[in-house]
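J.: Whatever this is, show me its structure:
(one chain, ligands or ions: 1)
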Amino acid sequence: MDSPIKICCIGAGYVGGPTMAMIAKQCPDVEVHVVDLNQSRIDQWNSDELPIYEPGLDEVVREARGRNLTFSSRIEAAIQHANMIFIAVNTPTKSFGIGVGRAANLEFIEKCARQIAECSTGHKIVVEKSTLPVRTAEAVKRILNSSANGATFDVLSNPEFLAEGTAVQDLLYPDRVLIGGESQEAINRLAQVYGRWIPKDRILTTNLWSSELSKLAANAFLAQRVSSINAISALCEATGADVDEVAKAIGTDSRIGPKFLKSSVGFGGSCFQKDILNLVYLCENFGLHEVAQYWEQVVIMNDYQKRRFSERIVSTMFNTVSDKKIAIWGFAFKKDTNDTRESAAIHVCHNLLEERARLVIYDPRVHESKIRSDLKMAFSDVNGVLSDKHKQLIETNVTVVQDAYVAAKEAHAIAVLTEWDEFKQVDAKRVFDGMRRPAFIFDGRNIVDRSKLTQQGFEVHCIGRS
Ligand SMILES: NC(=O)c1ccc[n+]([C@@H]2O[C@H](COP(=O)([O-])OP(=O)(O)OC[C@H]3O[C@@H](n4cnc5c(N)ncnc54)[C@H](O)[C@@H]3O)[C@@H](O)[C@H]2O)c1
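T.: Here you go, the predicted model:
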């Protein structure tokens, strides 16, 4: 009989935390230890205020924590105890050296592999959960095989497809779980875990390289759809077509489908841009220059969309926003998360601050300290140095408030940058009465009721509508 599965997950972030909480919830007899270098993150996982906001996550964690789910910074002990080790650490874009701005920084992955090699004995299954360039498993295997303790390993690729904001539902009812590997026995062990709640036909198995590449390809295809509809939105604004009507018309074609056709100020999040750039770098490495250029255009279009939105605000407001108060509604990269990585809001705020606008920012889930540190980062140079001038600009021109109405008070304009549901339901008269005239709304998510707001007296500007 198989020995009981004992899991360790290295990395307690947006992926490690929720995925392991779900495994622990669904498999009460499987021990799940989540470990991280970041002690304050671990402390938050052990508290009533989790480090990440996801609808439904509190309940999942509460059910399993203390029963078969633990969070700690005792990485070595957790590795030693486990027979299945997930690596769910961050793989950001390199900010230095060869491949800067494109390649994935694999430093954290390599450190994990070395630590696993150093403190393991017996046989362990190592699962790549992080998103990685194709053939990373080869490097991981080589490092693991250098273990001096005689330990042996199977390496599996099991990329995560959850979307932030719907992580709990995505983990409960995934479209598919992908497991790539060489050892059928190891694949079966991992499939056995997911098989507790996921139908067998949704657990796909492939070779290692197909699995690693599928994750990059999936994100590239998703981001490509957003950039495609955003490209059409620019043409709609120029011609009088309405991008939502066009999206509906093309999305009803069953070959195209309706999902991911919502035009916006641009995609954000920690993954899309990073993973496409990683794909572009890989293609370049293999001499596939046309393929690299093809995918890079998805990121170029996204940058264009963010810039275009900021420029439209400035040109509409009589070519100057200097000293004008602009309410920023939403700072997270999408609704139902507190994650701001690569959020379009950071870029738009940066552009408006460069024009010397005064920003009053409100987001229901993002802390003021995070907003300020993101803006400081946006103004820092390549070495991370923030000039006194920019520091001063952020201090004097940025206010963070706890209420959408307070943000809009005395404002010349509102920019909707995250599609939080509460922005759809605001009391239009109350907002309008508090604002300067003309009262502009720039809807970067096409969520407000344009005709109602126009009737109220607002001048409403949406994406993809002239
Ligand atoms: N965020 C998403 O929606 C998402 C979805 C699918 C896949 N992914 C991929 O999953 C991976 C993790 O993403 P994330 O958003 O959870 O990142 P994250 O930054 O939220 O979390 C990573 C965690 O790993 C920890 N860590 C780094 N090196 C460590 C080490 N050597 N030992 C222990 N802990 C270490 C960090 O302290 C951090 O808490 C990335 O490769 C990402 O591309 C992310």
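
J.: and Asn145, how many neighbours?
T.: Counted with other Cβ atoms under 10 Å, the neighbours of Asn145 add up to 12. The way it works is simple: take the backbone N, C-alpha and C, and place the C-beta from them, glycine included.

J.: Report pLDDT for it.
T.: What the model reports as pLDDT for Asn145 is 94.

J.: ok, now which ones touch the nearest residue to it once chain neighbours are set aside?
T.: The shortest distance from Asn145 to any non-neighbouring residue, by Cβ to Cβ, 6 or more residues apart in numbering, is to Phe153 (7.2 Å). By Cβ atoms under 8 Å, 6 or more residues apart in numbering, Phe153 lies in contact with 116, 120, 123-126, 141, 144-145, 147.

J.: make it 10 Å
T.: Contact analysis of Phe153 by Cβ atoms under 10 Å, 6 or more residues apart in numbering lists 85, 113, 116-117, 120, 123-126, 140-141, 143-145, 147, 183, 186.

J.: before we move on, what SS does it have?
T.: With DSSP: H, G, I helix; E, B strand; the rest coil as the basis, the three-state label of Phe153 is strand.

J.: For the ligand, see how far away it is.
T.: For Phe153, the distance to the ligand equals 17 Å [Cβ to the nearest ligand atom, to the nearest Å].

J.: same deal with Cys462?
T.: Plainly put, Cys462 is 27 Å away from the ligand if you go by Cβ to the nearest ligand atom.

J.: Look up which residues are beta-bridged to that residue.
T.: Taking DSSP bridges as the rule, Cys462 bridges to Asp443.

J.: That one: how many residues sit nearby?
T.: Using other Cβ under 10 Å: Cys462 sits among 23 other residues.

J.: Just the ones of the contacts of Phe153 in helices?
T.: Within these, residues falling in helices by DSSP state H are 113, 116-117, 140-141, 143-144, 186.

J.: Off-centre distance for stretch 76-89?
T.: Distance of stretch 76-89 from its chain centroid, counting by Cα atoms, centre = their mean, to the nearest Å, is 24 Å.

J.: Contacts (any at all) between the ligand and that stretch?
T.: Yes: judged by Cβ under 6 Å from any ligand atom, stretch 76-89 comes into contact with the ligand at 88-89.

J.: export that stretch as CSV, just CAs?
T.: Provided in CSV are the C-alpha atoms of stretch 76-89 (Å, rounded to 0.1, in the frame of the first residue of the first chain):
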residue,chain,number,x,y,z
GLU,A,76,14.0,22.6,6.2
ALA,A,77,11.9,20.7,8.6
ALA,A,78,8.9,20.8,6.3
ILE,A,79,11.0,19.5,3.4
GLN,A,80,12.4,16.7,5.5
HIS,A,81,9.0,15.7,6.7
ALA,A,82,7.3,15.7,3.2
ASN,A,83,7.3,13.2,0.4
MET,A,84,5.7,15.6,-2.1
ILE,A,85,7.1,19.1,-2.4
PHE,A,86,5.5,21.8,-4.4
ILE,A,87,7.6,24.8,-5.5
ALA,A,88,5.3,27.9,-5.8
VAL,A,89,7.8,30.7,-5.5
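
J.: list the buried ones in it?
T.: Neighbour counts over stretch 76-89 (16 or more other Cβ atoms under 10 Å) mark 78-79, 82-89 as buried.

J.: hey, which helix is longest across the protein?
T.: Across the chain, the longest stretch assigned as helix under DSSP H is helix 208-239.

J.: re earlier: so what sits opposite the residue nearest to Asn145 in the bridge?
T.: Note on Phe153: beta-bridge partners by DSSP bridges are Lys124.

J.: and whichever residue of the stretch 1-150 of the chain sits closest to the ligand, how many residues sit next to it?
T.: As assessed by Cβ to the nearest ligand atom, the ligand sits closest to Gly13 within the stretch 1-150 of the chain, at 1.9 Å. For Gly13, the count of nearby residues is 19 (other Cβ under 10 Å).

J.: and it, what pLDDT?
T.: 98.

J.: tell me which element it is part of?
T.: Using DSSP states H and E, no element contains Gly13; it sits outside every helix and strand.

J.: quick check: domain ranges of the protein?
T.: Structural domains annotated on the chain: 6-206, 228-462, as defined by automatic domain parsing.

J.: Now Ser310. Nearest residue, chain neighbours left out?
T.: Asn351 (3.6 Å).

J.: Checking the one you found next. Helix, strand or coil?
T.: At Asn351, secondary structure determined by three-state DSSP is helix.

J.: doesn't Arg307 make contact with it?
T.: Yes: at 7.0 Å, Asn351 counts as touching Arg307 under the criterion of Cβ atoms under 10 Å.

J.: So for those two, which residue has more residues nearby?
T.: Asn351 (19 against 14).

J.: List the contacts of that one.
T.: Per Cβ under 10 Å, 6+ apart, neighbours of Asn351: 306-307, 309-311, 313-314, 321, 357, 378.

J.: Now render those residues as CSV, adding secondary structure, distance to the ligand and pLDDT.
T.: As requested, the contacts of Asn351 are exported to CSV (DSSP: H, G, I helix; E, B strand; the rest coil; distance: Cβ to the nearest ligand atom, whole Å; pLDDT from 0 to 100):
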residue, secondary structure, distance to the ligand, pLDDT
Lys306, helix, 20, 98
Arg307, helix, 25, 98
Phe309, helix, 23, 98
Ser310, helix, 26, 98
Glu311, helix, 29, 98
Ile313, helix, 29, 98
Val314, helix, 32, 98
Val321, coil, 33, 98
Ala357, coil, 30, 98
Ala378, helix, 18, 98
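
J.: Can you tell me which of those residues are buried?
T.: Listed as buried from the contacts of Asn351 are 306, 309-310, 313-314, 321, 357, 378; burial here means 16+ other Cβ under 10 Å.

J.: ok, back up a step: neighbour count and distance to the ligand added to the ones in helices among the contacts of Phe153, as TSV?
T.: Below are these laid out as TSV (neighbours: other Cβ atoms under 10 Å; distance: Cβ to the nearest ligand atom, whole Å):
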residue	neighbour count	distance to the ligand
Ala113	27	9
Ile116	26	10
Ala117	21	13
Val140	25	13
Lys141	17	18
Ile143	18	13
Leu144	22	15
Ala186	21	20
